[in-house]
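Asker: Sequence below, structure please.
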Amino acid sequence: MAVRMFAAIEIGSFALELGIYEISEKTGIRCVDHIRHVIALGSDTFSEGKISYGLADEMCSVLEDFTGIMKTYRVREYRAYGTTAMREAKNSQIILDQICVRTGLKVRIISNSEQRFISYKAVAAKTGEFNRIIQKGTAIVDVGFGSAQISLFDKDTLVTTQSLPLGTLRIRSQLAKIPASVRSHCLHIEELVDNELITFRKMYLKDREVKNLIAIGEPILTLYYKMDEGRRSEQITIQDFNRFYERLKGMTLAQTEDFFDVNEEYASLLFPAAAMYKRMLEITGAEVIWVPGIHMTDGMAAE
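Answerer: Okay, the predicted model is just below:
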């Protein structure tokens, strides 16, 4: 059977992503290219309630480049989804019309539940490991830039899934209103995370035993590459994570930029993400973190 070329585009709260995939019955799904452009759409949405003209113009320019790449790969099928920042922007319909006129792309804004389900499909595509892990109590923690989703599995069954307003960009927007030192901001972040997670624990965890935590979302990939230190293992022990967390907590923003080789904008989002995973480990009592290393575009290809 002929190989089909497929493109997946995600318009996220902090980046635009394009994945190019080969799909065939014989070899399954193979990612042949992945392009990412950082653009903080959520900064506008979460503070002003709408996306500014300047960011909309930049977004359309990048999407025009994406269509050129798709033509190079002779892509005939694609899906383009907008997530939290687009979903919450008051002017989202105007933005969608601009994208269509300038690029020809038809973008669909998906709900939070659709967004998370697509990400879970990417995790489930790693069939053997995923099926083995969820035989025991497992929490999937998906920390994004706009929100976070926690799903609990017990003996191969999804028990509950909840969305929390704990996206890293949203947390940073709240902290911008509080003048404070780096250490004080660390405490504020932990308090914000705790306020949501303690309620979650009382309502949904109770006496439930959680052995494994599956960590997905864009920020965990950046954190994981430094935690793993070349071991090429998808699993991280709690002890290794805690040591890494304390190291990250002691860094200034400039040191975080240098350590991860990222810009200031992205560096400021990494500690909030780490704090979210840290507290989830503590309240669930999980013993191992599994980082499958998936992008939402992988889930779109699997879908």
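
Asker: So for stretch 69-76, what gets flagged as buried?
Answerer: 70, 75 (16 or more other C-beta atoms under 10 Å). In this view, the C-beta of every residue, glycine as well, is placed from N, C-alpha and C.

Asker: Stretch 195-203 now?
Answerer: The neighbour-count check on stretch 195-203 (16+ other C-beta under 10 Å) flags 196-197, 200-201 as buried.

Asker: Please compute how far it lies from its chain's middle.
Answerer: Relative to its parent chain, stretch 195-203 has a centroid offset of 21 Å by C-alpha atoms, centre = their mean, to the nearest Å.

Asker: Make JSON lines out of the buried residues of stretch 195-203 and add pLDDT, distance to residue 226 and secondary structure.
Answerer: Formatted as JSON lines, the buried residues of stretch 195-203 follow (pLDDT from 0 to 100; distance: C-beta to C-beta, whole Å; DSSP: H, G, I helix; E, B strand; the rest coil):
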{"residue": "196", "pLDDT": "77", "distance to residue 226": "26", "secondary structure": "helix"}
{"residue": "197", "pLDDT": "78", "distance to residue 226": "24", "secondary structure": "helix"}
{"residue": "200", "pLDDT": "79", "distance to residue 226": "28", "secondary structure": "helix"}
{"residue": "201", "pLDDT": "79", "distance to residue 226": "28", "secondary structure": "helix"}
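
Asker: wait, which of the residues you listed is closest to residue 23?
Answerer: For the buried residues of stretch 195-203, the minimum distance to residue 23 (C-beta to C-beta) is 37.1 Å, reached by residue 200.

Asker: what about the closest one, distance to residue 120?
Answerer: Applying C-beta to C-beta, to the nearest Å, the value for residue 200 to residue 120 is 18 Å.

Asker: how about the helices in the stretch 1-150 of the chain?
Answerer: Assigned by DSSP state H, counting those that start in this stretch, the stretch 1-150 of the chain shows helices spanning 41-48, 53-72, 84-88, 92-103, 112-124, 127-133.
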